Structure formats: C-alpha cells, structure tokens
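J.: make a model of this:
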Amino acid sequence: MTKKLIPVQEAGVQAALAAFLQAVLTRDDIDMIFTPVRMRSGAVTHALVADPGILAQADPLAPVLPVNGAAQMARLTVREPRKRIAAVLRPCELRAFVELVKLKQASFEGVTVIGIDCLGTYPVPDFMADHIEAIPQGVETGAIKPATGYRFRDACQMCEQPVPGAGADIKIELLGADLRAGVPVDVPEVFADLPVLRDGAEAPGRAAAVERLVAARTARRDADFAETREQLRSGGGMGDIFAACIHCMNCQQVCPICYCKVCVFRGQIFDYPPEKYAAWAGRKGALRMPTDTLLFHLTRLNHMAVSCVGCGMCTEACPSALPVGQVFRAVGADVQAAFEYLPGQSVDEPLPLVTFKENEWNEVGEE
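T.: You can find the predicted model right below:
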C-alpha cells in the first residue's frame, strides 16, 4: 500500500472525493462505482454509477445511512456474470459484506473496496430536514461532535470500529487529518498513478485521533450494554422490551445479514384459525395481538447474533422506536465472545455456527 493525498481545492472535500472516484472509474479494470450519491432533492442514496459525469454528485461523506450498502452489494456480486465494481463502504457496511461473503451470499471477485473512516451518521429524518454538514467538529483530534442540536444514531455513538479493516483495498483516512490540506488515502501500487493523487503520508495525529474516538465510543457501548442487559434480566425481560412491536418486520427487511429468500414469518404458518386465538385467550386469560412478535425477534436473534455488525439499521427502521439494535448488539457481543469471534474481520475466518470442532464446549457443565 502507498500513502497518497487527494488535494482539496476551493470546491471542498466532497468535490475532491468525487474527482477521485471519477479518476478510479476511468481505469480499464473498473466498470462501475457503487457509492452514495446526492439527489436533486438533497436526499442521499446508494447508486451504481457507470457515467463518470454523474460522479460529480457522489457524496461518500454524507452523514446518513439510509440502507446498509452490503445488502445491495450482495445483489450485485452473488451471481455471474458480474461487473468489476469499486464500492465505497463505511466500516459497518464492509464488515457486513465480509459476513455475507462467508455466508455465500456475496463475492469479493471483481470488487475493489474503497473503505472510508466513519465520522458518524444522523437519523434519516434529521438529515433530510436540514441536510446537516458532512464533516463534524473534531476530525483532526478524534473528539467528534455532532452538529449543534442533533445527535448521531445510537449505533454510531457506540461503534468502536470506525475505520475500515479487512477487505478494504483503498482506505480513505479522515481521522487525524487536516482536511483543508487534503484527504489522506492508502492505495495499492496499481492505483498510485491516478492523476488526481499527490504524494502523501499518514496524518501524524491519526493514531491518537482513532484511539480517542474508539475510547469514547467504547465507553458509550459499555454503558448501553449494561443498561440493555439489566432490562433483559429484570421484570418481563425481552417481552417487555418488545411489547410495543407491531410485527411490521421492518427490522428484518433492512438487516444486511438477514438474507433468507423465503422467511417462515412471511408465510401462512403463523396465520391461525379464529378458534385457536380464542382458545389461547381463554386458557391464559388474555392474548397479546398480534401474536408471535417475541418469537419473531428471538428467531432473528438466534440467526443473527454471531454475525451482527452493529450497523443499527433495525433500530432506525422501527416505527415503534424499539431498541432492536441495542438488544442485538448486547446479546450478540456475548455470543461472539463465547465463540471468540468478531464478525467482519476476515473472510478467511470460519463462521462459528457452521464450523465443526470436535472438542468444542467440552468445558460446559464442568468446574
């Protein structure tokens, strides 16, 4: 890898990154770019771009995540033939993509991943209301602060992995950098000759800035975990937490890891005849309607916990404002610790639940 710099002119950082993506798309080994693009309305959406001119509207720094791009990249790569795509992904999107590759739902073949430091994203309604500035305060020091009067999404506030890791071919390194001078970028040798790049070096304050941000987010994560675990242990536990669930299944729809083409909860298995509901109500004294909401969340949790990357899309999609993501992250962290597994770190690391180990769990029940 080679340290380079994307110069920032008067047009600003967004224009500099757009010019960089345009230069990437001119390469013979790249057919298309997958990146967030700003629409005329101000909304930001992921787009697969074939026309370099459209990349002038590319906005990979827009502080909003309407969907986790890993799920869209899975659609673009799971089958052949496929195009050669350079994909701009935030760290949680990249980790989810790694998990999908291991689940045989996506492929790295022909994909060049452009990983980018994540400074935090806002809830979509907040972003759409005021089109909040892309670059918050504190990028150079790591003491990231949201725009005045706003808050980052809960998932971002507790994300302890804000920089791109395994699987990133190109890394756009914002933390610790003076972005007025340029955007540091780590590229493989084959990309080092792009005409928009200048010789560069890692920002001298990067390590300290990353460490500071990770420490702040880890502290918030631990506090959220403690609160969520206390809720799970007390009173009605999970039943109380999800009591207001309306069974819309939005959380399933937006989860990048929830990939089943046919879901048992979207069929007729749980559509019972009227006498069944009446019998259950008579036996229990009352029956919550809609039924099976807790079973739905428990089933998803059982399937997702080991691979949950904490992107928080489920929380954002919930019309009842339930802390779905916080519960999944807290429980998932315990499951992942039990298997000594951190999702999205390496495509070569086997998935615990599909890997047989003869002597696994021998210590269960032993002193």
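
J.: would you map out the domains in the chain?
T.: Residue ranges for the domains of the chain, per automatic domain parsing: 2-221, 223-354.

J.: need those in TSV with mean neighbour count and mean pLDDT, can you?
T.: Using the backbone N, CA and C atoms, a C-beta is placed for each residue, glycine as well. Below are the domains of the chain laid out as TSV (neighbours: other Cβ atoms under 10 Å; pLDDT from 0 to 100):
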stretch	mean neighbour count	mean pLDDT
domain 2-221	19	94
domain 223-354	16	91
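
J.: and for this structure, the residue most distant from the center?
T.: In the chain, counting by Cα atoms, centre = their mean, residue 282 sits farthest out from the average C-alpha position, at 44.3 Å.

J.: okay, and it sits in which element?
T.: Using DSSP states H and E, residue 282 sits within helix 274-284.

J.: what's the offset of the following helix or strand past that helix from the middle of its chain?
T.: Downstream of helix 274-284, the next assigned helix or strand under DSSP H and E is helix 293-304. Distance of helix 293-304 from its chain centroid, counting by Cα atoms, centre = their mean, to the nearest Å, is 20 Å.

J.: who's in contact with helix 293-304?
T.: The contact list for helix 293-304 (Cβ atoms under 8 Å, 6 or more residues apart in numbering) reads 238-239, 242, 245-247, 249, 251-252, 255, 257-258, 264-265, 324, 327-328, 331-332.

J.: likewise for stretch 341-350?
T.: Stretch 341-350 is contacted from outside by 94-99, 101-102, 108, 165-167, 306-309, 336, 351-352, using Cβ under 8 Å, 6+ apart.

J.: mind running it again at 10 Å?
T.: Applying Cβ atoms under 10 Å, 6 or more residues apart in numbering, the contact partners of stretch 341-350 are 70, 91-102, 108, 161, 165-167, 257, 304-310, 332-333, 335-336, 351-353, 355-357.

J.: now swap in stretch 35-45 and tell me
T.: Residues from elsewhere that reach stretch 35-45, judged by Cβ under 10 Å, 6+ apart: 14, 17-18, 21, 24-25, 46-49, 54-67, 69, 86-90, 114, 116, 124, 127-131, 134.

J.: kindly recompute the last result at 6 Å.
T.: The contact list for stretch 35-45 (Cβ atoms under 6 Å, 6 or more residues apart in numbering) reads 46, 47, 57, 58, 59, 60, 62, 64, 88, 131.

J.: of the residues you listed, closest to residue 30?
T.: Taking Cβ to Cβ as the measure, residue 88 is the one of the contacts of stretch 35-45 closest to residue 30, at 12.3 Å.

J.: does that closest one sit in a helix, a strand or a coil?
T.: strand (DSSP: H, G, I helix; E, B strand; the rest coil).

J.: if I pick it, what's in contact with it?
T.: For residue 88, the contacting residues are 35, 60, 114, by Cβ under 6 Å, 6+ apart.

J.: so what's it bridging to?
T.: Here residue 88 sits in beta bridges with residue 114, going by DSSP bridges.

J.: that one and residue 277, how far apart?
T.: The gap separating residue 88 from residue 277 is 49 Å, by Cβ to Cβ, to the nearest Å.

J.: from residue 13, how far out is the nearest residue in space to residue 312 that is not next to it in sequence?
T.: In this structure, residue 312 finds its nearest non-sequential neighbour in residue 155, 2.4 Å apart by Cβ to Cβ, 6 or more residues apart in numbering. Distance of residue 155 to residue 13, given as Cβ to Cβ: 24 Å.

J.: same check on residue 272?
T.: Here the criterion is Cβ to Cβ. By it, residue 272 lies 56 Å from residue 13.

J.: do a quick rundown of the helices in the protein.
T.: Using DSSP state H, the helices of the chain run over 13-25, 69-77, 91-102, 124-130, 154-157, 206-233, 238-241, 250-254, 274-284, 293-304, 313-317, 324-338.
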